[in-house]
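Peer 1: when you get a sec, could you give me coordinates for this:
(chains A and B)
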Amino acid sequence: MRKFITHKYLFLSISYFDCAYSKRVELALRLKSIPYEYMEEDLSNKSQLLLEYNPVHKKVPVLIHNGKPISESHIILEYIEETWKTAPKLLPEDPYERAKVRFWGSFIQQQLFESILKLVTRHGEAQEKAATEVIERQGVFEEGMKKYFGGGASFTNEKNWGLLDILMGSTFGAYEVHEETSN
Amino acid sequence: METHSKKMAEVKLFRTWSSVFALRIVWALKLKDVQYDTIFEDLSNKSPLLLQYNPVHKKVPVLVHNGKSVAESLVILEYIEETWKQNPLLSEDPHERAVARFWAKFGDEKVLPSIWEACNSEGKEQEEGIVKAKENLKYLEEELKGKKFFGGEHIGFADIALGWLAEYKNVFEEVASMKVIAEDEFPLLSEWKRTFADAPIIKENWPPRDKLVTRYQAFRETNLLNKAPK
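Peer 2: Got it, this is the predicted structure:
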């Protein structure tokens, strides 16, 4: 137990594919070549450490840096960006460009990801409704990408991955598995 | 100076008079002494400009700066913070910034919906709603230990995001005949409410209370009617 407390960087998460939130943080840490230690949580039997470091939500992922916890994946991503200035930059420099990334980041999270969750957790008519919603929102998202980002391969117009790429990768990477499990 | 005033004149805020989300933008702009024009929207009859500036959600508030639009109140707050650097709302320290953002998000995702829910229900449902709201408020009470504001000595990002509590809570309590933040149960939060509500810029910008009561009374009546078994 004592071993990981003394480590500088620590990262609490679960390893399952469906934890896109954790995947995002991992992607960001790896992209920036930040060494970290990964600790798996069993959410049906939460560790003392998790309850101590995220008493409000008792959820993963949680990043612990120099003993201080940060929770909520998008907040962790901003923290990583601000703390480790190594390339690649996850957010553009210009405030307006950053606002666009944050807006669409929020859209991916609140509109897309949540409607996909509904899709895989519901059945029958509710699932059909969720499917329609997903398609509709993906349409809005694609329109938005074309209009605001020029529809390029990377959202930050650079060769490297940025925040939106991370959010998209972590949200849709597991998509195929979702498709299989929910027909 | 000319460029500065030109920059100032090109800020527009689309809002409704009562929205808690718009209010936080007003506070942020005023705290940073940014001049702006207000366009009040009637959400039952949205202007073509609003639809142009926020085509995705078609909602307010929207900030338009030099013709470029920013939507989602917390995204707008970050934009304001990064564009106008005077009177910073966020600390320089990344961890403190993360904490401020956490409480802002907590307010929007947990506190506001739970109080809104309690305000729009009655009887047993309301009692349960109040219990839930209080559970959320306990975390805020805890966070205020040893602090004047969520931002420390000065009003910060989290205070702005949670600021609606300082006045709207009274409105909701009156409208729904309930008590959510009692002085003895939440002494720190009660003190914060008073201090925040009384701060110069904040004090001058509350929407008229009686109008708010009327408005939320109407919401409550409609919502209760919709909930009633048919």
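Peer 1: list the residues that contact residue B:68.
Peer 2: The contact partners of residue B:68, by Cβ atoms under 8 Å, 6 or more residues apart in numbering or on different chains, come to residue A:96. For the C-beta atoms, the positions are set from N, CA and C on the backbone; glycine is no exception.
Peer 1: please report phi then psi for it.
Peer 2: Residue B:68 has phi and psi values of phi -100, psi 140 when expressed as degrees, to the nearest 10.
Peer 1: give me the beta-bridge partners of it?
Peer 2: Beta-bridge pairing for residue B:68 (DSSP bridges): residue B:65.
Peer 1: look up the pLDDT of it for me, please.
Peer 2: Here the pLDDT value assigned to residue B:68 is 94.
Peer 1: repeat that for residue B:16.
Peer 2: At residue B:16, pLDDT is 94.
Peer 1: next, count neighbours for it.
Peer 2: Counted by other Cβ atoms under 10 Å in any protein chain shown, the residues lying close to residue B:16 total 17.
Peer 1: and it, how far from residue A:100?
Peer 2: Distance, residue B:16 to residue A:100, by Cβ to Cβ, to the nearest Å: 24 Å.
Peer 1: kindly report the same for residue A:24.
Peer 2: Distance of residue A:24 to residue A:100, given as Cβ to Cβ: 18 Å.
Peer 1: now do the contacts for residue B:108.
Peer 2: Contacts of residue B:108 by Cβ under 8 Å, 6+ apart are B:74, B:161.
Peer 1: quick one on the thing from earlier: residue A:24 and residue A:100: which is more packed in?
Peer 2: residue A:24 (25 against 22).
Peer 1: pLDDT score assigned to the more buried one?
Peer 2: Listed pLDDT for residue A:24 reads 86.
Peer 1: so it touches residue A:168, yeah?
Peer 2: No: counting by Cβ atoms under 8 Å, residue A:24 stays clear of residue A:168, with 9.9 Å between them.
Peer 1: could I get the buried residue list for the top helix by length along chain B?
Peer 2: Under DSSP state H, the helix in chain B containing the largest number of residues is helix B:123-143. Across helix B:123-143, burial judged by 16 or more other Cβ atoms under 10 Å in any protein chain shown covers B:126, B:129-130, B:132-134, B:136-137, B:139-141, B:143.
Peer 1: next one: stretch B:26-37
Peer 2: Neighbour-count burial for stretch B:26-37 [16+ other Cβ under 10 Å]: B:26-32, B:34, B:36.
Peer 1: just stretch B:199-217 next, same as before
Peer 2: Those would be B:199, B:201-202, B:206-207, B:212, B:215-216, for stretch B:199-217 by 16+ other Cβ under 10 Å.
Peer 1: quick check: end-to-end length of that stretch?
Peer 2: With Cα to Cα, to the nearest Å as the measure, stretch B:199-217 spans 27 Å from end to end.
Peer 1: chain A contacts on chain B?
Peer 2: Within chain B, the positions adjacent to chain A are B:56, B:65, B:68, B:70-72, B:75-76, B:78-79, B:82-83, B:94-95, B:97-98, B:101-102, B:105-106, B:139 by Cβ under 8 Å from any Cβ of the partner chain.
Peer 1: helix or strand right after the helix or strand bottoming out on mean pLDDT in chain B?
Peer 2: Among the helices and strands of chain B, helix B:2-9 carries the lowest confidence by mean pLDDT, DSSP states H and E, at a mean of 49. Using DSSP states H and E, the helix or strand that follows helix B:2-9 towards the C-terminus is strand B:11-15.
Peer 1: direction included, what does that following strand pair against?
Peer 2: Strand B:11-15 has the following sheet partners, assigned by DSSP bridges: strand B:37-40 (parallel), strand B:62-65 (antiparallel).
Peer 1: in the helix or strand following the first one, what's buried?
Peer 2: Next along the chain after strand B:37-40, taking DSSP H and E as the criterion, comes helix B:48-53. Within helix B:48-53, the residues that count as buried by 16+ other Cβ under 10 Å are B:50, B:53.
Peer 1: how about the residues of chain A near chain B?
Peer 2: Neighbours of chain B within chain A, by Cβ under 8 Å from any Cβ: A:55-56, A:65, A:68, A:70-72, A:75-76, A:78-79, A:82-83, A:95-96, A:98-99, A:102-103, A:106-107, A:140, A:144.
Peer 1: thanks a lot, see you next time.
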